[in-house]
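1. build me a model:
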Amino acid sequence: GYVGLDLRDTNNSTFYQLGTGYESLGHDWDFRLNGYIPLGDRDNVIQDITTDTGLQTTTAFSGNQFVVTNRREQFRFFEEELALGGFDAEAGYRLARWEQGDLTALGGIYAYSAPDLDTYLGWRLRLAANFTPNFHGGIAVQEDDLFGSQVVLSVGATFPGSRPSGAVNDPDFVPSRLGDPLARQPEIAVHVNTDTDTLIEETTTPLFNPEEAEPYRFWHVTLGTTSGDGTFENPFGTVAEALAATVSDGNDVVYIDGESGLTIPSFTIPDRVQVLSQGPVQTIAALPFPGFPTGSVRLPFSPVTNFDNGVVVTLPFSGDGSFPQILDGVVLGNRTVLAGFRLDRTPGAAIAGTNISNVELRNNTITNAGTQGISFTNVGGSAVLFDNIVRNSSNQGMLVQNSTTASGLSLAIVGYELERNQIGLQIV
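-> Model prediction:
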């Protein structure tokens, strides 16, 4: 039997182990059992690197909703060295002897283990030869699920020799072998454990309307296509279908792709509905969502920022420069928005609102109206007009006429162009 202390320096780590074992040496048969017990720290972290993509925010239409997605990816690379404990056991039979040496065939099993690591059982077959009292060698084949299959060739020398230099009589053969080196694994088995993890945190939610604290509902229109159900994936083919599907709860937006160049028949906007085209860059105010700067934003029907804790999001596909043309005019309802259209040669007023309150017109171009370009009659609340162009109207470019009994109107006109109208702007 024996007890020994082994040390291994891997350049990254230093490990120690206690080795102990028993062997039986015979004339024809040998038996061995070795145990390997790591001492001190059995693991050493070599690398532990984490990279983070940061918070990435994307927006997209899905069905009738405008969804916002936050995504963060963290990638971790972890590498450590583990000192393995275990045992090996083998039995061998002497195949040949000569004057100063012998050849032995051996077979056995071995096992490796470590905390948080499965126990791996393997097998080993080897040939061991003592060529002379000074030189010995061998070849081994072994396999386990941790290190795989290996072929090990070994050659060694001992000075002075471990056996008598002359011939050994048969009765003295076994005692003469007591000086042979121990058959054990003096090198501490070390496993390099690597692990990569990708952690993905993703949150998807619809965009919420700050006024109603409910998700916006988008009705998509692609002019000239086969009629669908108004979702982003299957849009309506006409504006009339989209308007008929809206609900007057303040959350509905009709969003129109006018790249086909087809014209739109006249229509009336139901109460509390927004009608937008993809022509200009369209933004929409929403409740806060991580990834977007939060601050003071403008809600519809206000000429200035009036909501302190919100975000502004640009609608996908907006700004494509295709401003659909509406024939015969538009009639506004209460709390309605019209943005991004052309109106040419309407027989009467191009855009008209009567006995309503709160309207918003943005980025509309009106030419050659039969009467007024924009006509408000008894309109109360707030009327906000941003970046509208009115040219060549037969009467007023913009007409606002309220009776003495009508509720008060706050009118804001910003960035307008009024050219070659009979009367540019008239308020009575």
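2. every contact and neighbour count from this point should use C-alpha atoms.
-> Will do.
3. confidence score at residue 166?
-> Reading off the confidence values, residue 166 has pLDDT 66.
4. try residue 382
-> On the pLDDT scale, residue 382 is placed at 95.
5. which SSE is it in?
-> strand 380-386 (DSSP states H and E).
6. ok, now how distant is the spatially most distant residue from the centre of the chain from residue 119?
-> For the chain, the largest distance from the centre (Cα atoms, centre = their mean) belongs to residue 169, which lies 77.1 Å off. Applying Cα to Cα, to the nearest Å, the value for residue 169 to residue 119 is 45 Å.
7. how about residue 285, secondary structure?
-> Secondary structure, DSSP: H, G, I helix; E, B strand; the rest coil: residue 285 is strand.
8. secondary structure element holding the residue lying closest to residue 201 once chain neighbours are set aside?
-> Closest residue in space to residue 201, ignoring its immediate chain neighbours: residue 72 at 5.2 Å, by Cα to Cα, 6 or more residues apart in numbering. In the assignment (DSSP H and E), residue 72 maps to strand 65-83.
9. tell me the first helix or strand C-terminal of that strand.
-> With DSSP H and E, the next secondary element past strand 65-83 is strand 85-98.
10. what helices and strands are in contact with that next one?
-> strand 29-39, strand 101-114 (3 or more Cα pairs under 8 Å, 6 or more residues apart in numbering; DSSP states H and E).
11. now those as a markdown table including mean pLDDT?
-> Putting the helices and strands packed on strand 85-98 into a markdown table (pLDDT from 0 to 100) gives the following:
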| stretch | mean pLDDT |
| --- | --- |
| strand 29-39 | 96 |
| strand 101-114 | 94 |
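12. where does pLDDT dip in the protein?
-> 161-168, 404-407 (pLDDT under 70).
13. you'd agree residue 322 is in a helix?
-> No: assigned with three-state DSSP, residue 322 falls outside any helix and is coil.
14. hmm, it is touching residue 259, no?
-> Yes: counting by Cα atoms under 8 Å, residue 259 is a contact partner of residue 322 at 5.5 Å.
15. give me the more crowded residue out of these two.
-> It is residue 322, of residue 322 and residue 259, that has more neighbours when counted by other Cα atoms under 10 Å, with 20 against 16.
16. helix/strand/coil for the residue nearest to the more buried one when sequence neighbours are not counted?
-> In this structure, residue 322 finds its nearest non-sequential neighbour in residue 279, 4.4 Å apart by Cα to Cα, 6+ apart. What three-state DSSP gives for residue 279 is coil.
17. could I get the phi/psi values of residue 279?
-> Per-residue torsions, residue 279: phi -60, psi -60 (degrees, to the nearest 10).
18. and it, what does it touch?
-> 258, 318-324, 340-341 (Cα atoms under 8 Å, 6 or more residues apart in numbering).
19. nearest to residue 30, of the residues you listed?
-> When the contacts of residue 279 are ranked by distance to residue 30 (Cα to Cα), residue 318 comes first, at 85.0 Å.
20. surely the closest one touches residue 276?
-> No: between residue 318 and residue 276 there is no contact under Cα under 8 Å: 9.4 Å.
21. now the helices and strands packed on strand 85-98 as TSV including mean neighbour count?
-> Conversion of the helices and strands packed on strand 85-98 to TSV gives the following (neighbours: other Cα atoms under 10 Å):
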stretch	mean neighbour count
strand 29-39	19
strand 101-114	18
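22. quick one: closest of those strands to residue 52.
-> The closest of the helices and strands packed on strand 85-98 to residue 52 is strand 101-114. By Cα to Cα, the value is 31.2 Å.
23. that closest one pairs with which strands, and in what direction?
-> Sheet pairing of strand 101-114 (DSSP bridges) gives strand 85-98 (antiparallel), strand 117-130 (antiparallel).
24. for residue 202, which non-adjacent residue is closest in space?
-> residue 71 (4.4 Å).
25. quickly list what the one you found is bridged to.
-> Applying DSSP bridges, one finds that residue 71 bridges with residue 56, residue 202.
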